[in-house]
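Engineer: the following block contains a protein sequence and its predicted model.
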Amino acid sequence: MYILGVTGNIGSGKTTVARRLGDHGAVVSHSDELAKEILQNDAGILDQLCQRFGSDIIDNSGRLKRHILAERAFSSPESQQFLNQLIHPEVRKVTLSRIAQAHQGNKNLFVIDAPLLFEAGVDAICTSVAVIAADNIYRQDRVEKRSQILEDDFTRRDGLQMSMEEKMERADHLIFNNGSLEDLLLQVDLFYKGLKL
């Protein structure tokens, strides 16, 4: 089975690429969505987060206030590292289980959609890595439209990730997302055909 890691920096379009590969029959695991599930449902992790970031990150019904956690976790490299060291091993464990299930189901392509793919060391379990690259102006505009994240917040969060340049250097495949959605999807379709699975 071919395991493809898909990554990029904030607003690069990696999730769109992963979903398009899913349309072609790939099994897709979205690490961000998985991390959110774990953060919400793992009592031990929630307890550690409250100890580090304050009990007010949980609302009265016991739900995680993700926007407050994000604000505090992305306030410094140390805070982000704490969160990552807490969540990355759990995400990796579930991802490996999903890979095993896909392998048993005779699937030929498994896609890991992960913004921190290199930072978490997930590239080590991938057959290859595709980096979705976009110029800063496009990435920022997309994030502002999708998540209402302002320029300062975008710059701060983006700065906590590996630079786009380094990701591009480490990539096995590059897909550029400086154009329209249709352009991106066409590139993904061509990329998928080129894998010759």
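Structural biologist: Sure, I can see it.

Engineer: packing partners for the longest helix seen in the chain?
Structural biologist: The residue-count maximum for a helix in the chain (DSSP state H) belongs to helix 77-104. Judged by 3 or more Cβ pairs under 8 Å, 6 or more residues apart in numbering; DSSP states H and E, the packing partners of helix 77-104 are strand 27-30, helix 31-41, helix 43-53, helix 66-73, strand 109-113. From N, CA and C alone the C-beta is placed, and that goes for glycine too.

Engineer: mind putting the ones you listed into CSV with distance to residue 122 and mean pLDDT?
Structural biologist: Output for the helices and strands packed on helix 77-104, formatted as CSV (distance: least, Cβ to Cβ, whole Å; pLDDT from 0 to 100):
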stretch, distance to residue 122, mean pLDDT
strand 27-30, 10, 96
helix 31-41, 8, 91
helix 43-53, 19, 93
helix 66-73, 19, 89
strand 109-113, 6, 97
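
Engineer: winner for burial among the ones you listed?
Structural biologist: Among the helices and strands packed on helix 77-104, strand 109-113 has the highest mean neighbour count (mean count of other Cβ atoms under 10 Å), at a mean of 25.

Engineer: give me the nearest residue to residue 108, chain neighbours excluded.
Structural biologist: Closest residue to residue 108 apart from its sequence neighbours, by Cβ to Cβ, 6 or more residues apart in numbering: residue 197 at 4.6 Å.

Engineer: so, low pLDDT: which residues of this protein?
Structural biologist: For the chain, applying pLDDT under 70 flags the ranges 10-11, 136-160.

Engineer: before we move on, the earlier item: chain center to the longest helix of the chain, what's the gap?
Structural biologist: On the basis of Cα atoms, centre = their mean, to the nearest Å, helix 77-104 sits 11 Å off its chain's mean C-alpha point.

Engineer: over to stretch 188-195?
Structural biologist: Relative to the chain's own centre, stretch 188-195 is displaced by 21 Å; criterion: Cα atoms, centre = their mean.

Engineer: which parts of it are buried?
Structural biologist: By neighbour count on 16 or more other Cβ atoms under 10 Å, the buried set for stretch 188-195 is 188, 191, 192, 195.

Engineer: who does residue 128 form a beta bridge with?
Structural biologist: residue 4 (DSSP bridges).

Engineer: count the residues that sit near it.
Structural biologist: Neighbourhood size, residue 128 [other Cβ atoms under 10 Å]: 13.

Engineer: hang on, isn't it packed against residue 6?
Structural biologist: No: the pair residue 128 / residue 6 is not scored as a contact, 10.2 Å apart, by Cβ atoms under 8 Å.

Engineer: quick one: contacts for the nearest residue to residue 171 once chain neighbours are set aside?
Structural biologist: Spatial nearest neighbour of residue 171, excluding adjacent residues (Cβ to Cβ, 6+ apart): residue 131 at 3.8 Å. By Cβ atoms under 8 Å, 6 or more residues apart in numbering, the contact list for residue 131 reads 7, 8, 164, 167, 168, 170, 171, 173, 174, 175.
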